[in-house]
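A.B. asks: Based on what follows, work out the 3D shape:
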Amino acid sequence: MSEILKGLRFLKGHGTENDFVIVPDPDGLIDLPPALVARLCDRRAGVGGDGLLRVVRSAAHPEAAPMAAEAEWFMDYRNSDGSVAEMCGNGLRVFARYLVLAGLAGSGDLAVATRAGVLGVHVAADGPDGPSGVTVEMGRARLPGPADVLVTVGERQWPATHVNMGNPHAVAFVDDLDHAGDLFAAPGVAPATAYPTGVNVEFVVDRGPRHLAMRVHERGSGETRSCGTGACAVAVAAARRDGVDPALTGQPVTYTVDLPGGRLVVTEQVDGAVRMTGPAVVLAEGVLDASWLGGRQDWTGTGAGLAR
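C.D. replies: Model (predicted):
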């Protein structure tokens, strides 16, 4: 068993109740095979979380090294099943919260490297948990089509909008969020060729003018209490449904999005950039007991594809 794993330090955080195990690894020394990530995220036998945030300097990680000149820190994100992820909006806010809490960055503006590229984050002066929260520059949404994507749950079926926020989403507007079912299993999505690596599926209802509520099934995790990239995808899909495109109107558009775990505010700018604001909390830290690892000398397993 690795000496590093014997004394593995971790923290626990959440963004609108989308929760994460945080593993500080500034020098990139810790190997986190999928099976170990899955066990750490296990809610009954592990620390518990929708995913894992590994905090590593960009220069120390082969995927992030080309971004090191732009962003000192890389968010190495994993889903709860151990699979590697492109991006996680709620996770990025929590990641920034940790950097400020640990003294690795100051409040204000900072850049974070992710597998979806370098993204800007603003940690408000009133604190990441204050009214202004943390604002994340989520990049530009892409609506690549096809227009005939269908989402199915049981006997119900809805057309869906294909939105890519650095990861893929199928956004379905429904009459009642209960129609999404229990979301233990992934909803059916057709055609399968539209999402060759799987998809996050959002179910959305209107609560008022530019005010939405949603539930989400995240690939690799199942239903979660919140999904930042999903909330952004939902806001962009709603804007297009409502006949609004900031690139054409010359005015940004903002939607309030309610999720089971809290509220996010999403703004699409005139240049297409999407900003998301919400709370971020780091609530506990600890060290793994060596005996918890069960004396295993190796941790093997494979994560399935890119997720979240």
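A.B. asks: For the rest of this, base every contact and every neighbour count on C-alpha atoms.
C.D. replies: Noted.
A.B. asks: ranges for the helices of the stretch 1-150 of the chain?
C.D. replies: 3-6, 34-41, 89-101 (DSSP state H, counting those that start in this stretch).
A.B. asks: check contacts around the most centrally placed residue in the chain.
C.D. replies: By C-alpha atoms, centre = their mean, the chain has its centre lying nearest to residue 88, at 2.1 Å. Residue 88 is in contact with 77, 227, 228, 229, 308, counting by C-alpha atoms under 8 Å, 6 or more residues apart in numbering.
A.B. asks: okay, now the domains of the protein?
C.D. replies: 3-133+281-301, 149-277 (automatic domain parsing).
A.B. asks: Adding distance to residue 141 and mean pLDDT as columns, could you present those in TSV?
C.D. replies: Converted to TSV, the domains of the chain look like this (distance: least, C-alpha to C-alpha, whole Å; pLDDT from 0 to 100):
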stretch	distance to residue 141	mean pLDDT
domain 3-133+281-301	12	89
domain 149-277	5	95
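A.B. asks: Please tabulate those in TSV, including the columns distance to residue 143.
C.D. replies: TSV is the format used below for the domains of the chain (distance: least, C-alpha to C-alpha, whole Å):
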stretch	distance to residue 143
domain 3-133+281-301	16
domain 149-277	5
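A.B. asks: quick one, which of those is nearest to residue 139?
C.D. replies: domain 149-277 (5.1 Å; C-alpha to C-alpha).
A.B. asks: Residue 257 contacts residue 263, doesn't it?
C.D. replies: Yes. Applying C-alpha atoms under 8 Å, one finds residue 257 in contact with residue 263, separated by 5.8 Å.
A.B. asks: of the two, who's got more company?
C.D. replies: Per other C-alpha atoms under 10 Å, whichever of residue 257 and residue 263 has more neighbours is residue 257, with 25 against 19.
A.B. asks: Could you pull up the residues touching that one?
C.D. replies: 211, 212, 213, 214, 231, 235, 263, 264, 265, 266.
A.B. asks: Okay, and which of those map to helices?
C.D. replies: Assignment to helices by DSSP state H places the following of those there: 231, 235.
A.B. asks: Going by distance to residue 168, which of the contacts of residue 257 wins?
C.D. replies: Distances from residue 168 to the contacts of residue 257, taken by C-alpha to C-alpha, are shortest for residue 231, at 12.3 Å.
A.B. asks: show me the contacts for the closest one.
C.D. replies: Shown in contact with residue 231 (C-alpha under 8 Å, 6+ apart): 214, 257, 264, 266.
A.B. asks: Reformat those residues as CSV; add distance to residue 221.
C.D. replies: Below are the contacts of residue 231 laid out as CSV (distance: C-alpha to C-alpha, whole Å):
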residue, distance to residue 221
214, 17
257, 21
264, 20
266, 23
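A.B. asks: can you list contacts of stretch 141-157?
C.D. replies: 158-166, 170, 172, 179-181, 187-191, 194, 233, 236, 272-274.
A.B. asks: For PyMOL, what selects the buried ones among those?
C.D. replies: Entered in PyMOL, the line below selects the buried ones among the contacts of stretch 141-157, by 16 or more other C-alpha atoms under 10 Å:
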select buried, resi 158+159+160+161+162+163+164+165+166+170+172+180+187+189+194+233+236+272+274
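A.B. asks: tally of neighbours for the nearest residue to residue 100 once chain neighbours are set aside?
C.D. replies: Nearest residue to residue 100 in three dimensions, chain neighbours excluded: residue 106, at 5.4 Å (C-alpha to C-alpha, 6 or more residues apart in numbering). Applying other C-alpha under 10 Å, we find 16 residues neighbouring residue 106.
A.B. asks: Isn't residue 106 up against residue 97?
C.D. replies: No. Using C-alpha under 8 Å, residue 106 makes no contact with residue 97, being 9.8 Å away.
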